[in-house]
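In: dropping the sequence and predicted coords here.
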Amino acid sequence: MTVSQVSQVEVRGAVSSHELVKIYGNGPTAVRALDGVSVRFHAGEFTAIMGPSGSGKSTLLHCLAGLDRAGSGTVHIGPAELGSLNDTRLTRLRRDRIGFVFQSFNLLPALTAEENILLPMRLSGRELDRTWFATIVDMLGLRDRLRHKPSELSGGQQQRVACARALVGRPDVVFADEPTGNLDSRTGAGVLEFLRTSVRELGQTVVMVTHDPVAASYAGRVVLLADGRVAGEIFQPTPESVLGALSRLGA
Ligand SMILES: Nc1ncnc2c1ncn2[C@@H]1O[C@H](COP(=O)(O)OP(=O)(O)OP(=O)(O)O)[C@@H](O)[C@H]1O
């Protein structure tokens, strides 16, 4: 990779927020879910967001991914500032430049695994890179499952289909919200291993919300939230270091 390619990837995958504030409701019942969050997710990094229940993890992920709008502050995905985009352009950015993996897989039951994987590309009218598709399908061990419908797949296989769908369009960033929440620990480990490999070998940027210190230990960095603020970070996390940090936050 040349220097200019490296810097292009840097710009492509970097996600950041500056002084992000999100308040739900108003008056005496208002909840300040995000209270000035400034955080940066570098290109080609796997970062986990953790914190006690109600600390703002899902709200932050939704604001970073353009699924929800913040009250004030900014979010950048590469050079794009989400607050400056109208709804149509924001929808297009989500569709074309972000991959999503949710706890509940979110596959369409009437479509085969292959059709599910290719749906976002078809909707955006983008041309499929067949070699890239084959690389991802093989990394996820899905080659002999492509013609099956979701109901004919195990939970782990369904989540691997969701991972393939998230990556096939070469998104700038993949946002994963509790991706192993519905999986047993062995099956979940396979999904986490794939996310980690996509970062190490494919240069993907992954931001994942999780409650699970073991899941977080697959990331290169953990960002800790408490009461809607960044409360610290852990590099090269282990389940023990994450548990210790969480218990210090009162989780
Ligand atoms: N739609 C909403 N309306 C009102 N309050 C909300 C809404 N969504 C979240 N909140 C509140 O905002 C705060 C942050 O919620 P959020 O779901 O982001 O936390 P979390 O860290 O993801 O929690 P958990 O770990 O329990 O999933 C909480 O106090 C929550 O009750």
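Out: Happy to help now that I have it. The model shown is predicted, which means the values in this text are computed figures rather than measured ones.
In: need the phi and psi values for the closest residue to the ligand within the stretch 101-250 of the chain.
Out: Closest approach between the stretch 101-250 of the chain and the ligand, counting by Cβ to the nearest ligand atom: H211, at 6.1 Å. Where you see a C-beta, it was placed from the backbone N, CA and C, and this is true even at glycine. When read as degrees, to the nearest 10, the backbone of H211 gives phi -90, psi -10.
In: surely it touches I49?
Out: No. H211 lies out of contact with I49 (Cβ atoms under 8 Å); the separation is 10.5 Å.
In: for the helix or strand where T59 lies, name the packing helices and strands.
Out: Using DSSP states H and E, T59 falls within helix 57-64. If you count contacts as 3 or more Cβ pairs under 8 Å, 6 or more residues apart in numbering; DSSP states H and E, helix 57-64 packs onto strand 15-24, strand 31-41, strand 46-50, strand 72-77, strand 173-177, strand 206-209.
In: what residues of stretch 154-167 count as buried?
Out: Within stretch 154-167, the residues that count as buried by 16 or more other Cβ atoms under 10 Å are 155-167.
In: I meant to write stretch 187-204 there.
Out: For stretch 187-204, burial by neighbour count (16+ other Cβ under 10 Å) applies to 187-192, 194-196, 198-199, 203-204.
In: now those in JSON lines, with secondary structure, pLDDT and distance to R69?
Out: JSON lines is the format used below for the buried residues of stretch 187-204 (DSSP: H, G, I helix; E, B strand; the rest coil; pLDDT from 0 to 100; distance: Cβ to Cβ, whole Å):
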{"residue": "T187", "secondary structure": "helix", "pLDDT": "87", "distance to R69": "35"}
{"residue": "G188", "secondary structure": "helix", "pLDDT": "89", "distance to R69": "31"}
{"residue": "A189", "secondary structure": "helix", "pLDDT": "92", "distance to R69": "35"}
{"residue": "G190", "secondary structure": "helix", "pLDDT": "89", "distance to R69": "35"}
{"residue": "V191", "secondary structure": "helix", "pLDDT": "89", "distance to R69": "29"}
{"residue": "L192", "secondary structure": "helix", "pLDDT": "94", "distance to R69": "30"}
{"residue": "F194", "secondary structure": "helix", "pLDDT": "91", "distance to R69": "31"}
{"residue": "L195", "secondary structure": "helix", "pLDDT": "93", "distance to R69": "27"}
{"residue": "R196", "secondary structure": "helix", "pLDDT": "94", "distance to R69": "31"}
{"residue": "S198", "secondary structure": "helix", "pLDDT": "91", "distance to R69": "28"}
{"residue": "V199", "secondary structure": "helix", "pLDDT": "93", "distance to R69": "28"}
{"residue": "G203", "secondary structure": "coil", "pLDDT": "90", "distance to R69": "29"}
{"residue": "Q204", "secondary structure": "coil", "pLDDT": "92", "distance to R69": "26"}
